[in-house]
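Trainee: coordinates only, sequence not included:
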């Protein structure tokens with residue numbers, strides 16, 4: 001429970017509901033902002049965006065999210081400025097609005113007590129204030145400096161659908177699918193097959209509504225980069241190559257979004273040289289930036305490649321010393337790869353002067369952290385005088401979890417518990433590994449503390465337990481649960497097919513291609529008769 005803006009504590013369930021609904025509001029706000037860039041004279045749309053933002057600000061203040069309240073206030077100032085410009089805004093103002101949406105998402109997903117993790121909120125607020133101060137009272141005249149082309153046969157939709165279900169709603173649907181699966185285990189004959197078909201259909205639908213089309217997200221960043229190139233008077237050809245039908249998990253898509261926001265802007269601002277410099281280097285006066293997106297094995301991989309000057313590693317080495325990232329001896333020994341890794345450090349920049357576009361050293365650290373939270377990576381390669389490539393990768397099934405797997409006692413079904421639990425022999429104490437200890441093969445007595453997972457979930461019949469079972473002692477911190485299993489556990493990887501919330505006792509996973517039940521022992525114990 002957290003405190004509201006007053007002194008009354010806010011119930012945790014209201015905070016959870018606010019987070020889910022606020023994330024949906026941010027999606028609608030960003031979609032509205034993008035449409036206003038294409039239809040600046042749509043006054044009804046502008047009013048809808050203003051109302052949505054005002055509602056988000058009021059709810060954030062009521063629940064006690066002061067940081068989001070502040071961001072909404074700054075967004076209101078930015079939108080007011082954009083309205084005065086007829087929503088024909090320069091790149092720095094567009095960037096500030098887009099970053100405000102990104103920061104709001106990150107703050108909404110941040111757990112209570114977690115560090116901000118790369119979010120320099122005071123620095124961003126200063127950037128917004130500078131942007132507002134520097135904004136011209138009239139729209140800048142567009143220059144025909146940029147060409148955007150789609151290649152590879154991909155046709156991105158005009159905009160990403162915003163009717164996305166909240167994470168909490170998806171968890172409730174997953175819980176309903178799990179209930180159908182449990183019912184199928186207790187059924188027989190045609191009924192079992194019918195229920196299993198229903199379950200698989202629900203899982204398929206859940207997967208569909210839990211993913212986000214990638215093409216529209218990438219396209220909007222490419223067009224934002226085109227606007228920036230015009231403002232910087234840099235002729236640039238931008239090529240967009242996105243595999244047809246590419247979609248990612250909602251959280252993975254958000255991480256990719258953050259990476260693209262910075263990668264394409266850095267390619268224009270830092271990478272591509274002015275036309276005069278390109279001519280002097282024997283290059284075509286127009287720069288080239290290629291944005292590609294593919295599914296590689298089980299990950300979405302997005303790359304941004306430019307043919308600019310490349311990263312000046314000598315400057316990186318020098319600035320690393322000046323900014324205190326390395327001492328002179330360490331800087332002299334640093335490899336090219338180590339120097340490129342410094343670029344992702346919070347506060348690192350090779351610019352010595354701050355502009356409306358860059359120089360504050362914020363952004364790439366947030367990019368790296370956003371990707372790492374989803375199990376993703378980001379890497380840079382550079383060619384002196386030949387350009388830079390940024391590659392961001394996010395696994396599609398970061399739903400893989402490490403588990404201790406074991407057969408159920410008395411039913412052809414595989415069970416598992418998260419590997420955060422330690423399995424111990426109930427007789428001899430700690431074992432030597434995840435499945436250590438032979439375990440006692442015996443029938444538990446009626447007063448035994450062991451929980452039968454099948455009975456707790458309503459799967460097994462009410463008759464006596466099997467004659468020979470394994471009692472599995474699980475320990476995690478101060479928690480301890482004794483479960484009935486068919487044999488000792490072994491370590492395995494499970495793929496979460498329809499993830500339920502941590503408040504649920506079970507969910508359906510796949511282990512080695514077969515359906516299994518992932519148990520949450522602490523929740524399961526409360527369901528067992530006489531064990532709570």
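Mentor: Received, thanks. Here the structure is a predicted model, which is why all the values come from computation and not from measurement.
Trainee: quick one: list the elements packing against the one helix or strand residue 208 maps to.
Mentor: For residue 208, the element it lies in under DSSP states H and E is helix 189-209. With contacts defined as 3 or more C-beta pairs under 8 Å, 6 or more residues apart in numbering; DSSP states H and E, helix 189-209 has these neighbours: helix 167-186. Where you see a C-beta, it was placed from the backbone N, CA and C, and this is true even at glycine.
Trainee: ok now the helix it packs on, how far from the chain's centre?
Mentor: Counting by C-alpha atoms, centre = their mean, to the nearest Å, helix 167-186 is centred 23 Å from the centre of its parent chain.
Trainee: that helix relative to helix 189-209, how many degrees between them?
Mentor: Put simply, helix 167-186 runs at 160 degrees to helix 189-209, going by axes from the mean of the first three to the mean of the last three C-alpha atoms, to 10 degrees.
Trainee: not including adjacent chain positions, what is the nearest residue to residue 279?
Mentor: Spatial nearest neighbour of residue 279, chain neighbours left out: residue 285 (5.6 Å); criterion: C-beta to C-beta, 6 or more residues apart in numbering.
Trainee: verify the stated contact: the one you found with residue 278.
Mentor: Yes. In this structure residue 285 lies within contact range of residue 278 using C-beta atoms under 8 Å: 5.3 Å.
Trainee: the more surrounded of the two?
Mentor: Shown here are residue 285 and residue 278; by other C-beta atoms under 10 Å, residue 278 has more neighbours (20 against 13).
Trainee: so that one: helix, strand or coil?
Mentor: Three-state call for residue 278 (DSSP: H, G, I helix; E, B strand; the rest coil): helix.
Trainee: thought it was touching residue 306?
Mentor: No. Assessed by C-beta under 8 Å, residue 278 is found out of contact with residue 306, at 11.6 Å.
Trainee: and for those two, which residues touch both?
Mentor: Common neighbours of residue 278 and residue 306 are listed as 272, 287 (criterion: C-beta atoms under 8 Å, 6 or more residues apart in numbering).
Trainee: for the helix holding residue 208, the distance to its chain's centre please.
Mentor: Using C-alpha atoms, centre = their mean, the offset of helix 189-209 from its chain centre is 27 Å.
Trainee: show me where the stretch 251-400 of the chain has strands.
Mentor: Ranges of strands within the stretch 251-400 of the chain are 287-296, 299-306, 377-383, 387-395, 400-407, based on DSSP state E, counting those that start in this stretch.
Trainee: partners of the third one, with directions?
Mentor: Spelled out, that is strand 377-383. Here strand 377-383 is paired, per DSSP bridges, with strand 387-395 (antiparallel).
Trainee: run the chain-centre distance for the partner strand.
Mentor: Mean C-alpha position of strand 387-395 versus that of the full chain (C-alpha atoms, centre = their mean) differs by 16 Å.
Trainee: residues contacting residue 454?
Mentor: Counting by C-beta under 8 Å, 6+ apart, residue 454 makes contact with 408, 409, 410, 411, 413, 460.
Trainee: check which helix or strand it maps to.
Mentor: Take DSSP H and E as the rule and residue 454 turns out to sit in helix 453-456.
Trainee: report the buried residues of that helix.
Mentor: The neighbour-count check on helix 453-456 (16 or more other C-beta atoms under 10 Å) flags 453, 454, 455, 456 as buried.
Trainee: quick one: the helix or strand following the helix holding residue 208 to chain centroid distance?
Mentor: Next in sequence after helix 189-209, counting helices and strands by DSSP H and E, comes strand 211-213. Remark: strand 211-213 is offset 12 Å from the chain centroid, using C-alpha atoms, centre = their mean.
Trainee: partners of strand 211-213 in the sheet?
Mentor: Taking DSSP bridges as the criterion, strand 211-213 forms sheet pairs with strand 247-249 (antiparallel).
Trainee: for the strand it pairs with, give the mean pLDDT please.
Mentor: Averaged across strand 247-249, pLDDT comes to 78.
Trainee: what ranges in the chain fall below the confidence cut-off?
Mentor: 1-10, 111-119, 136-148, 150-167, 346-363, 397-399, 425-448, 460-468, 528-532 (pLDDT under 70).
Trainee: list the buried residues for the helix holding residue 208?
Mentor: Residues of helix 189-209 classed as buried: 195, 196, 199, 202, 203, 206 (neighbour count, 16+ other C-beta under 10 Å).
Trainee: which of those residues lies closest to residue 125?
Mentor: Residue 125 lies nearest to residue 206 out of the buried residues of helix 189-209, by C-beta to C-beta, at 38.5 Å.
Trainee: if I read this right, that closest one contacts residue 176, doesn't it?
Mentor: No. Taking C-beta under 8 Å as the definition, residue 206 is not a contact partner of residue 176, at 9.4 Å.
Trainee: what residue lies at the spatial centre of the chain?
Mentor: Central residue check for the chain by C-alpha atoms, centre = their mean: the C-alpha nearest the mean position is that of residue 251, 3.1 Å away.
Trainee: need the contact list for that residue.
Mentor: Contact analysis of residue 251 by C-beta under 8 Å, 6+ apart lists 109, 374.
Trainee: and it, how far from residue 275?
Mentor: 40 Å (C-beta to C-beta, to the nearest Å).
Trainee: hmm, back to that, for ChimeraX, write the selection for the buried entries among the contacts of residue 454.
Mentor: Per 16+ other C-beta under 10 Å, the buried members of the contacts of residue 454 correspond to this ChimeraX selection:
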select :408,409,410,411,413,460
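Trainee: including mean neighbour count and distance to residue 342, could the strands of the stretch 251-400 of the chain go into CSV?
Mentor: Output for the strands of the stretch 251-400 of the chain, formatted as CSV (neighbours: other C-beta atoms under 10 Å; distance: least, C-beta to C-beta, whole Å):
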stretch, mean neighbour count, distance to residue 342
strand 287-296, 20, 24
strand 299-306, 22, 19
strand 377-383, 17, 10
strand 387-395, 22, 15
strand 400-407, 20, 31
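Trainee: for those strands, which one sits closest to residue 328?
Mentor: Residue 328 sits nearest to strand 377-383 of all the strands of the stretch 251-400 of the chain, at 22.8 Å, using C-beta to C-beta.
Trainee: touching that closest one from outside, list them.
Mentor: Contacts of strand 377-383 (C-beta under 8 Å, 6+ apart): 259, 310-311, 313, 340, 343-344, 367-368, 371, 388-393.
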